[in-house]
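S.K.: whatever this is, show me its structure:
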Amino acid sequence: MGKSFLWVFSLFCLLAAATPLKCITCHLRTRTDRCRRGFGVCNAQRDETCMTLKIYQDKQLEITYMECQKFCRNLTFDLNKRTYVYKCCTHNYCNIKF
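M.R.: From the prediction side, this is the model:
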(Lines give C-alpha, C1' and ligand atoms only; values in the text may rest on other atoms or scores of the structure.)
Protein backbone atom coordinates (compact mmCIF):
# COMPACT_ATOMS: atom_id res chain seq x y z
CA MET A 1 0.00 0.00 0.00
CA GLY A 2 2.81 2.43 0.81
CA LYS A 3 4.43 2.11 -2.63
CA SER A 4 1.09 2.51 -4.40
CA PHE A 5 0.31 5.64 -2.45
CA LEU A 6 3.74 7.13 -3.21
CA TRP A 7 3.34 6.34 -6.90
CA VAL A 8 -0.11 7.96 -7.10
CA PHE A 9 1.06 10.96 -5.07
CA SER A 10 4.11 11.40 -7.33
CA LEU A 11 1.93 11.21 -10.44
CA PHE A 12 -0.45 13.79 -8.99
CA CYS A 13 2.45 16.15 -8.19
CA LEU A 14 3.84 15.74 -11.70
CA LEU A 15 0.49 16.54 -13.30
CA ALA A 16 -0.06 19.54 -11.03
CA ALA A 17 3.39 20.91 -11.88
CA ALA A 18 2.84 20.39 -15.62
CA THR A 19 -0.55 22.13 -15.65
CA PRO A 20 -0.15 25.80 -16.59
CA LEU A 21 -1.46 28.57 -14.39
CA LYS A 22 -4.74 29.93 -15.77
CA CYS A 23 -5.58 33.61 -15.43
CA ILE A 24 -8.59 35.69 -16.38
CA THR A 25 -8.00 38.24 -19.14
CA CYS A 26 -9.87 41.46 -19.56
CA HIS A 27 -8.24 44.37 -21.34
CA LEU A 28 -10.92 46.89 -20.39
CA ARG A 29 -13.18 46.39 -17.40
CA THR A 30 -15.27 49.38 -16.43
CA ARG A 31 -16.77 50.56 -13.16
CA THR A 32 -19.98 48.71 -13.99
CA ASP A 33 -18.03 45.48 -13.39
CA ARG A 34 -18.33 44.43 -17.04
CA CYS A 35 -15.48 43.42 -19.31
CA ARG A 36 -15.74 45.40 -22.52
CA ARG A 37 -12.66 44.10 -24.33
CA GLY A 38 -10.44 41.02 -24.25
CA PHE A 39 -12.40 38.75 -21.88
CA GLY A 40 -11.05 35.21 -21.69
CA VAL A 41 -8.40 33.02 -20.14
CA CYS A 42 -4.64 32.99 -20.64
CA ASN A 43 -2.21 30.21 -19.76
CA ALA A 44 0.76 31.68 -17.94
CA GLN A 45 4.11 30.94 -19.51
CA ARG A 46 7.41 30.59 -17.67
CA ASP A 47 8.00 33.45 -15.19
CA GLU A 48 4.39 34.67 -15.58
CA THR A 49 1.71 35.08 -12.94
CA CYS A 50 -1.84 36.40 -12.95
CA MET A 51 -1.94 40.20 -12.78
CA THR A 52 -4.60 42.79 -12.13
CA LEU A 53 -4.07 46.49 -12.70
CA LYS A 54 -6.65 48.85 -11.21
CA ILE A 55 -6.61 52.54 -12.05
CA TYR A 56 -8.27 54.94 -9.63
CA GLN A 57 -9.03 58.62 -10.05
CA ASP A 58 -10.11 60.60 -6.99
CA LYS A 59 -10.22 57.29 -5.06
CA GLN A 60 -12.85 55.93 -7.42
CA LEU A 61 -12.14 52.86 -9.55
CA GLU A 62 -12.09 53.79 -13.23
CA ILE A 63 -10.60 50.85 -15.15
CA THR A 64 -9.37 47.32 -14.44
CA TYR A 65 -6.97 45.34 -16.65
CA MET A 66 -6.29 41.60 -16.11
CA GLU A 67 -3.73 39.42 -17.87
CA CYS A 68 -0.88 36.91 -17.57
CA GLN A 69 2.16 39.02 -16.79
CA LYS A 70 5.87 38.23 -16.89
CA PHE A 71 7.90 39.30 -13.84
CA CYS A 72 4.81 40.72 -12.14
CA ARG A 73 5.15 42.42 -8.77
CA ASN A 74 2.74 44.10 -6.40
CA LEU A 75 3.09 47.82 -6.80
CA THR A 76 1.13 51.02 -6.14
CA PHE A 77 2.04 54.45 -7.48
CA ASP A 78 0.48 57.80 -8.34
CA LEU A 79 0.85 59.49 -11.70
CA ASN A 80 -1.12 62.36 -13.26
CA LYS A 81 -3.77 62.43 -10.51
CA ARG A 82 -4.39 58.70 -10.88
CA THR A 83 -3.42 55.80 -8.63
CA TYR A 84 -2.20 52.59 -10.28
CA VAL A 85 -2.42 49.39 -8.25
CA TYR A 86 -0.78 46.21 -9.56
CA LYS A 87 -1.59 42.90 -7.83
CA CYS A 88 -0.03 39.56 -8.71
CA CYS A 89 -1.10 36.06 -7.68
CA THR A 90 -0.18 32.46 -8.41
CA HIS A 91 -3.22 30.19 -8.37
CA ASN A 92 -5.79 29.57 -11.09
CA TYR A 93 -8.18 32.45 -11.79
CA CYS A 94 -6.96 34.37 -8.75
CA ASN A 95 -6.88 37.74 -10.52
CA ILE A 96 -10.68 37.92 -10.78
CA LYS A 97 -10.95 38.46 -7.00
CA PHE A 98 -9.04 41.75 -6.72
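S.K.: ranges for the strands of the protein?
M.R.: 22-30, 35-37, 40-43, 48-57, 60-70, 75-79, 82-89 (DSSP state E).
S.K.: pLDDT below threshold where in this protein?
M.R.: Along the chain, the parts satisfying pLDDT under 70 run over 1-18, 98.
S.K.: try it again at 80.
M.R.: Across the chain, the ranges flagged by pLDDT under 80 are 1-18, 32-33, 97-98.
S.K.: go ahead and flag the most central residue of it.
M.R.: Cys50 (2.1 Å; Cα atoms, centre = their mean).
S.K.: against Asn95, how distant is that one?
M.R.: 4 Å (Cβ to Cβ, to the nearest Å). Backbone N, C-alpha and C define where each C-beta goes, glycine included.
S.K.: spit out the residues that contact these two alike.
M.R.: Residues touching both Cys50 and Asn95 (Cβ atoms under 8 Å, 6 or more residues apart in numbering) are 23-24, 66, 89.
S.K.: tell me the one of these nearest Gly38?
M.R.: Met66 (8.6 Å; Cβ to Cβ).
S.K.: the closest one touches Arg29, doesn't it?
M.R.: Yes. Using Cβ atoms under 8 Å, Met66 is in contact with Arg29, at 7.0 Å.
S.K.: looking at those two, which one has more neighbours?
M.R.: Met66 (27 against 22; other Cβ atoms under 10 Å).
S.K.: bridging residues for that one?
M.R.: Counting by DSSP bridges, Met66 is bridged to Cys26, Thr52.
S.K.: what's it in contact with, if anything?
M.R.: 23-26, 29, 50-53, 95-96.
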